[in-house]
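> give the three-dimensional model of this entry:
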Amino acid sequence: MFEIRELRHLLSIEEFRHFGRAARAVGLSQPALTKSLQRIEQSLGAQLFERSRRHVRPTAIGAEVLARARRLVEEAEDLKRAVDAMSGAATGGVTIGVGPAMSETYVAAAIAEVAQRQGTQIVVRVDNWQQLSDWLIAGEIDFYVADVGAARIDGRCHHTSLPQQQFVWYCRRGHPLAGRRRKTVSREDLVRFPIATPKMPSWATEWFAAAFGEQGAAGLPRPFPAVICESYGMLKQLVASSDCISAALRQTLASELADRLLVVLPVDAPELTTQAGIVRLLDRTLPPLAEELIAAIETLADSTRE
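Alright, predicted model coming up:
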């Protein structure tokens, strides 16, 4: 009855709730997208979206059509991946998600290794695990690698654990906490200064709150953390030029520590560690390139256990 591309038009309208933005997302003019919707509505004999100057939203019938359209689009994509896999296609493209902490680890080395082969394209999206999970369910990425310690893995997904790695707290050379005579720094000392991190999972917030006893999270400054940024490159620059404090895997800081731009703070508290994993959908066949990339990540991850 409909072509897959027309179903994508419907899903774009639902996502953006704005015809102009939806049209740009699917590479059409706004009039062309409107005509596409009208053709589908005429074919079904039902209005799928309520349209006014203030809003665009699905009707009751539209919501049902959209749910089925989403499944059909996912099935079509899965069919294409399955055919590619059966035919042994080793080239093509893959889109993956990577959490900020994992973006500067062996994951980058695995991507570089696979990307050297001609005829491939790897698109990497870096964001927090919640956003990555949404993208995975929506079919916008093939799999993701992130710290999933705080995640409630969707029942439609498969999770493969990766080796744990320790976070270290760091500040600029010359920071008030770096020059103290005391050998260690407490969590209470840390929160006296602006904390700058990627989106902080609940277990990390609780790690700080535990230092305040009965006060718990109420003892933390508001807002907390002071800066939320998913780019470790920007976080390192921010820390190097201010009294902000952040945390990262030690290998993320290797260059800056060697150049003595940043220093690691010896924090007197239980270690914070990554609980990283590879997450993929159970019922979705991955393209060969994605499977190869996962294998490369797992191989390099295993080398960190030694």
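> contacts only, for Q47.
E41, T59, I61, G62 (Cβ atoms under 8 Å, 6 or more residues apart in numbering). Glycine gets a C-beta too; all of them are placed from N, C-alpha and C.
> same thing but at 6 Å, please
E41, T59 (Cβ atoms under 6 Å, 6 or more residues apart in numbering).
> do the same with L48
E41, G62, V65.
> what's the helix or strand for the first one?
In this structure, E41 is located in helix 30-44 according to DSSP states H and E.
> kindly provide the whole-number mean pLDDT of the following helix or strand past that helix.
The C-terminal neighbour of helix 30-44 among helices and strands, as given by DSSP H and E, is strand 49-51. Across strand 49-51, pLDDT averages out at 92.
> and strand 49-51, which strands flank it?
Sheet pairing of strand 49-51 (DSSP bridges) gives strand 56-58 (antiparallel).
> now the angle from the following helix or strand past the partner strand to helix 30-44?
For strand 56-58, the following helix or strand on the C-terminal side (DSSP H and E) is helix 60-86. Compare the direction of helix 60-86 with that of helix 30-44 by axes from the mean of the first three to the mean of the last three Cα atoms, to 10 degrees and you get 100 degrees.
> just how off-centre is helix 60-86 within its chain?
Chain-centre distance of helix 60-86: 23 Å, with Cα atoms, centre = their mean, to the nearest Å.
> contacting residues around the helix or strand following it?
Where DSSP H and E defines the elements, the next helix or strand beyond helix 60-86 is strand 92-98. For strand 92-98, the external contacting residues (Cβ under 6 Å, 6+ apart) are 107, 121-126, 132, 135, 141-145, 287, 289-290.
> any weak-confidence spans in the stretch 101-250 of the chain?
By pLDDT under 70, the low-scoring segments of the stretch 101-250 of the chain are 118, 149-152.
> now do the strands in it.
Counting by DSSP state E, counting those that start in this stretch, the stretch 101-250 of the chain has strands at residues 120-126, 143-147, 157-161, 167-172, 196-197, 227-228, 246-249.
> could you identify which of those strands is most buried?
strand 143-147 (a mean of 27; mean count of other Cβ atoms under 10 Å).
> quick one, that one and strand 120-126 angle?
40 degrees.
> partner strands of strand 143-147, with direction?
If you go by DSSP bridges, strand 143-147 pairs up with strand 92-98 (parallel), strand 276-281 (antiparallel).
> what's it in contact with?
96-99, 101-102, 107, 129, 132, 136, 274-276, 278-280.
> next: stretch 53-71.
With Cβ under 6 Å, 6+ apart, stretch 53-71 has contacts from L7, L10, E14, R17, A46, Q47, L48, F49, E50.
> also stretch 253-273?
164, 166-171, 173, 177-178, 184-187, 236, 240.
> and for stretch 186-205?
By Cβ under 6 Å, 6+ apart, stretch 186-205 touches 100, 128, 149-150, 208, 211, 221, 225-228, 230, 235, 238, 243-246, 268-269.
> just the buried members of those?
Buried subset of the contacts of stretch 186-205 (neighbour count, 16 or more other Cβ atoms under 10 Å): 100, 128, 149-150, 208, 211, 225, 227, 230, 235, 238, 244-246, 269.
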